[in-house]
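Student: next one to model:
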Amino acid sequence: MQHEHIVKSFDEELKQLDTMIMEMGGMAEAQFLVAIEAMVRRDAEAAVLIKKTDKKIDTLVGAVDDHAIRILALRQPMADDLRGVIAALKTASIIERIGDYSKNIGKRTKVLAECPNPGAGRTIERMATMVQSMLKDVLDAYVKRDAVKADNVRVRDEDVDYLHTSLFRELLTYMMEDPKYITAATHMMFVARNIERIGDHATNIAENVHYMVHGKMPEESRPKGDASVYVVDPKTDV
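Tutor: Predicted coordinates:
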């Protein structure tokens, strides 16, 4: 009877860890959505509110760390349970960084609101929609321990990379054709880079899910399609 109670208590502690990760993930999803909507509308006031959510995420990541360390110290989990605790620690840290990128988008929105609009907002919005879908699916894969769905998210990151390269070229063109767009386009490049990095972090969570389910990281190299670092001239591409 006592053994059953201990097992049940342990299961509840593990479930609580998953609940905390999903709460963090939900906050990060909402924060990212607000950041993108604020940027598209050039709504500086809405962008300021992102800081409040980011503080809540920071608080939760500390709670996850404390809870996970307590489980490791007192329960000494093994096999699947141990992988779940390790993945939770890694995933909490990743979600915290996703929140930081969203916060950075909010900061740049305040500058963009005062600049001439080069007109690339719709492309950024499309890129953000792709990443939002990845983030939603990978968090769902995490809670369901669905490695197939997680691996699918991992593959989709390449599409985000290709769009990021295309957007980089588009913004360079605006800057070259009219100097008045240089400030706005530069900030939009950083926004696009933040979105691309959030996509990378969604892929990192996908790899954590794969690890939880299979006990090892994916063997295939992560597909990458971002060539923005090689872009010199959007017209000659040399």
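
Student: which SS class is residue 220?
Tutor: coil (DSSP: H, G, I helix; E, B strand; the rest coil).

Student: pLDDT score for it?
Tutor: Looking at residue 220, its pLDDT stands at 74.

Student: against which helices or strands is the longest helix along the chain packed?
Tutor: The single longest helix within the chain, with elements called by DSSP state H, is helix 2-41. Identification of packing neighbours for helix 2-41 by 3 or more Cβ pairs under 8 Å, 6 or more residues apart in numbering; DSSP states H and E yields helix 44-48, helix 50-75, helix 79-112, helix 121-144, helix 182-214. Just so you know, the C-beta spots here come from the backbone N, C-alpha and C atoms, and that holds for glycine as well.

Student: and residue 174, which of these is closest to it?
Tutor: The minimum distance between residue 174 and the helices and strands packed on helix 2-41 falls on helix 182-214, with 5.0 Å, by Cβ to Cβ.

Student: low pLDDT regions in the protein?
Tutor: Scanning the chain with the threshold set as pLDDT under 70 gives 1-8, 222-238.

Student: what about 50?
Tutor: 1-5, 229-238 (pLDDT under 50).

Student: correct me if wrong: residue 93 contacts residue 60.
Tutor: No - between residue 93 and residue 60 there is no contact under Cβ atoms under 8 Å: 11.5 Å.

Student: ok, the two, which is more surrounded?
Tutor: Shown here are residue 93 and residue 60; by other Cβ atoms under 10 Å, residue 60 has more neighbours (21 against 14).

Student: grab the nearest non-local neighbour of that one.
Tutor: Among residues not flanking residue 60 along the chain, residue 24 sits closest, at 4.8 Å (Cβ to Cβ, 6 or more residues apart in numbering).
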